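Chemist: Based on what follows, work out the 3D shape:
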Amino acid sequence: MWTRKELKSKAKDVLRGNYWKALLVGFVMALVMGNGSNWATERGGGQGGMVHIKPSFLVVGFLGLFIFALAFRILLTYPLEVGGRRYFIKSALYDDNSKCFRFAYSSEHILDVFKGMFRRDVQLFLWFLLLIIPGIVKFYAYRFVPHILAENPGIGSGRAIAISDEMTKGHKFDMFVLDLSFLGWLFLGALAFGIGVFFVNPYVFATEAELYLKLRDNALTRGVCTIDEFEPQIPH
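Modeler: Numbers count the residues shown, from 1 in each chain. I've put the predicted structure just below:
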């Protein structure tokens, strides 16, 4: 079993040694994962007049937006999130945490990273289309897919999802409560024009890494997965 106090205490110990580097990594992750400030602003038409746009222009516009969003996810969000997760996992293990972003972007790994993350997103989208509650449940079930890919991108998208699903069984509500426990810190960070949130993110990401390692060890003990499916740096 695990407790919030235990995970957060370990996270703080890890961050004491490399907080500023963790802050930079967390800043990059927050931006690409949508935790940064909203760049888009809406502006009205001139003098309140109606603007008529041809349907063909709308189709082209939406198609262009979709392609841009997909390219953004492939080239930035997926590898940077996985690389960031790798950084916090390596830090929690007191292992070499350098070149983590390069790891995710390498020609050897980037395709596997994309396939794993894309499949997770598609399945989550379909679950949320079904109903909100099942979507939230699966959100927690697939929570550690990027962490698993951060250790072994070649594990396969289906296997990464299956392991994450098994790892989180019986822990989803506690994970939800853990997320709620950061709301106070995030609220205080938001008071500083939102900038303070970025200083809280390393604490959140480091705690998630500690939880992942705890649940991964539990899964190994239960025979859900094998040590060969992860990197050899896993502590025994």
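Chemist: residue ranges of the helices in this protein, please?
Modeler: Using DSSP state H, the helices of the chain run over 4-32, 55-72, 78-92, 100-105, 110-130, 132-141, 145-151, 157-167, 172-180, 183-191, 196-222.
Chemist: If you average pLDDT over each of these, which is lowest?
Modeler: Note on the helices of the chain: helix 55-72 shows the lowest mean pLDDT, a mean of 63.
Chemist: separation between the closest residue to Asp96 other than its chain neighbours and Val204?
Modeler: Spatial nearest neighbour of Asp96, chain neighbours left out: Lys90 (6.3 Å); criterion: CB to CB, 6 or more residues apart in numbering. The way it works is simple: take the backbone N, C-alpha and C, and place the C-beta from them, glycine included. For Lys90, the distance to Val204 equals 17 Å [CB to CB, to the nearest Å].
Chemist: for Val28, same thing?
Modeler: Val28 is 14 Å from Val204, by CB to CB.
Chemist: Next: Leu149.
Modeler: Applying CB to CB to Leu149 and Val204 gives a distance of 19 Å.
Chemist: The two - which one has more neighbours?
Modeler: Legend: neighbour count by other CB atoms under 10 Å for Leu149 and Val204, higher for Leu149 (30 against 23).
Chemist: what residues are up against the more buried one?
Modeler: By CB atoms under 8 Å, 6 or more residues apart in numbering, the contact set of Leu149 is 82, 85, 112-113, 116-117, 155, 160.
Chemist: ok so, going back, looking at the helices of the chain, spot the one closest to Glu229.
Modeler: With CB to CB as the criterion, Glu229 lies closest to helix 157-167 of those, at 7.4 Å.
Chemist: Chain neighbours aside, what residue packs nearest to the residue positioned nearest the centre of the chain?
Modeler: Centroid-nearest residue in the chain, with CA atoms, centre = their mean: Glu81, separated by 5.6 Å. Closest residue in space to Glu81, ignoring its immediate chain neighbours: Pro146 at 5.3 Å, by CB to CB, 6+ apart.
Chemist: Counting neighbours, what do you get for the one you found?
Modeler: 26.
Chemist: can you tell me how far it sits from Met175?
Modeler: For Pro146, the distance to Met175 - CB to CB - is 15 Å.
Chemist: what's the neighbour count on Asp13?
Modeler: Per other CB under 10 Å, the neighbour tally for Asp13 reads 13.
Chemist: Next: Ser9.
Modeler: Ser9 is flanked by 13 other residues according to other CB under 10 Å.
Chemist: what do you get for the one 5 residues further on?
Modeler: Under the neighbour criterion other CB under 10 Å, Val14 is assigned a count of 23.
Chemist: ok, it touching Ile89?
Modeler: No: the criterion here is CB atoms under 8 Å, and Val14 misses it with Ile89 at 10.5 Å.
Chemist: Determine which of the helices of the chain approaches Phe230 most closely.
Modeler: Closest among these, once you apply CB to CB, is helix 145-151, at 4.9 Å.
Chemist: dump the residue contacts of Tyr142.
Modeler: So Tyr142 contacts 120, 123-124, 161, 164-165 (CB under 8 Å, 6+ apart).
Chemist: same thing but at 6 Å, please
Modeler: Applying CB atoms under 6 Å, 6 or more residues apart in numbering, we find Tyr142 in contact with 120, 161, 164.
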